[in-house]
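# Dropping a prediction and its sequence here:
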Amino acid sequence: MPRQRWTFQPPVGTPINLQHPQARGLVGMWMLNEAGGATAFDTLGRNHGTITSASHTVTAVGRSLAFTGAGNVSMGDVLDLGTRAFSILCRFRTTTTGATQFLFGKSISTLSPTWELRIISGNTLQFSVRDSSSGFDVVNSASTVTDGAWYTAVVGRPASGGDLMLYLNGVREFTATATNNSLDTDSSHHTRIGRDANDNFPFTGDVSTVGLWDGRLLTNQDALDLYVNPYGIFDRPRTVGFVAAAPGGLSIPIAYNHYRKMWAA
């Protein structure tokens, strides 16, 4: 029988397949698909977030959180990434652009250790990493963001050597040489979605999925796979069992799947 495949947003509480290739290094994934309440659940069960002044909504991609220029989701002082490689996934759409808007990161508005993904004036996507002194690496998208359109952004930095990466809808938009690969981003800031830890640069629009990988720089193929189906990480492989059959202890393999579900947009 076919494996269980998710092609539409799974309901709250659906476990990630920890054996899936995309699960390696994953330290947090917030689907933001709750129907109500003040908690944004981390599907790994580690770092749930507190929702403030953002509303639950239903969009073309499933349940999302709507931000109107005031809200945020705060996970607290967690997810320090040090000098390690890391990657971010964020699925979003804007409703108002033109000013800098914070999407996801552990950041404040002054010089301090930070990592963040945001939209800057000119409506381009920006991913930046900073340490406690003057070290700073940044990469901007080549394309601009259009209000009302959904985007899947994947960004990352290597641990040492190589480039910062930025993909938009599965396409590598830009790379920038990371001249300061050893930047230590650890800080006491809160990790947030929708607004930085100083309550600056509020986002206006909808966010449906945010993920973070520690110790892993996602590849071109990873970025494409996450764009084509950001819910593939929930897929369950076909399960094979055995039953006693003929005399002599022979067995017959039986393929079965207890949880087969197909979702369509």
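Received, thanks.
# And stretch 114-121, how far out from the chain middle?
Offset of stretch 114-121 from its chain centre (Cα atoms, centre = their mean, to the nearest Å): 14 Å.
# same deal with stretch 39-54?
For stretch 39-54, the distance to the chain centre is 13 Å (Cα atoms, centre = their mean).
# for the chain, longest strand please?
strand 204-214 (DSSP state E).
# helices and strands around it, which ones?
Using 3 or more Cβ pairs under 8 Å, 6 or more residues apart in numbering; DSSP states H and E as the contact test, the elements touching strand 204-214 are strand 26-30, strand 55-59, strand 62-68, strand 86-94, strand 101-106. Every C-beta, even on glycine, is put in place using the N, C-alpha and C of the backbone.
# Return the set of buried residues in it.
204-214 (16 or more other Cβ atoms under 10 Å).
# Render the CA-only coordinates of stretch 143-159 in PDB, please.
C-alpha atoms of stretch 143-159 as PDB (Å, rounded to 0.1, in the frame of the first residue of the first chain):
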ATOM      1  CA  SER A 143      13.300  39.600  -6.400                       C
ATOM      2  CA  THR A 144      10.800  41.800  -4.600                       C
ATOM      3  CA  VAL A 145       7.900  40.700  -2.500                       C
ATOM      4  CA  THR A 146       4.400  41.400  -3.800                       C
ATOM      5  CA  ASP A 147       1.500  42.000  -1.400                       C
ATOM      6  CA  GLY A 148      -1.000  39.100  -1.400                       C
ATOM      7  CA  ALA A 149       1.300  36.500  -2.900                       C
ATOM      8  CA  TRP A 150       2.500  33.500  -0.800                       C
ATOM      9  CA  TYR A 151       6.300  32.900  -0.600                       C
ATOM     10  CA  THR A 152       8.400  30.100   0.800                       C
ATOM     11  CA  ALA A 153      11.800  31.500   2.000                       C
ATOM     12  CA  VAL A 154      14.700  29.200   2.900                       C
ATOM     13  CA  VAL A 155      17.900  30.900   4.200                       C
ATOM     14  CA  GLY A 156      21.000  29.600   5.900                       C
ATOM     15  CA  ARG A 157      24.600  30.100   6.800                       C
ATOM     16  CA  PRO A 158      27.500  27.700   6.800                       C
ATOM     17  CA  ALA A 159      29.600  26.900   9.900                       C
END
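# List the buried residues for that stretch?
Buried-residue list, stretch 143-159, by 16+ other Cβ under 10 Å: 145, 150-159.
# And the furthest pair within these?
150 and 159 (30.9 Å; Cβ to Cβ).
# Residue 30 versus residue 90, what's the distance?
Distance, residue 90 to residue 30, using Cβ to Cβ, to the nearest Å: 10 Å.
# list the residues that contact both of these two?
209-211 (Cβ atoms under 8 Å, 6 or more residues apart in numbering).
# Dump these to CSV, plus distance to residue 188.
Listed next are the shared contacts of residue 90 and residue 30 as CSV, based on distance: Cβ to Cβ, whole Å:
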residue, distance to residue 188
209, 27
210, 21
211, 23
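# ok, so of those, who is nearest residue 16?
residue 211 (9.9 Å).
# Which residue, neighbours along the chain excluded, lies closest to that closest one?
residue 89 (3.8 Å; Cβ to Cβ, 6 or more residues apart in numbering).
# How many neighbouring residues does that neighbour have?
For residue 89, the neighbour count with other Cβ atoms under 10 Å is 27.
# again, but for residue 160
Neighbour tally, residue 160, other Cβ under 10 Å: 11.
# Look up how far residue 217 lies from it.
11 Å.
# Now list whatever residues contact both of the two.
Joint contacts of residue 160 and residue 217 (Cβ under 8 Å, 6+ apart) do not exist.
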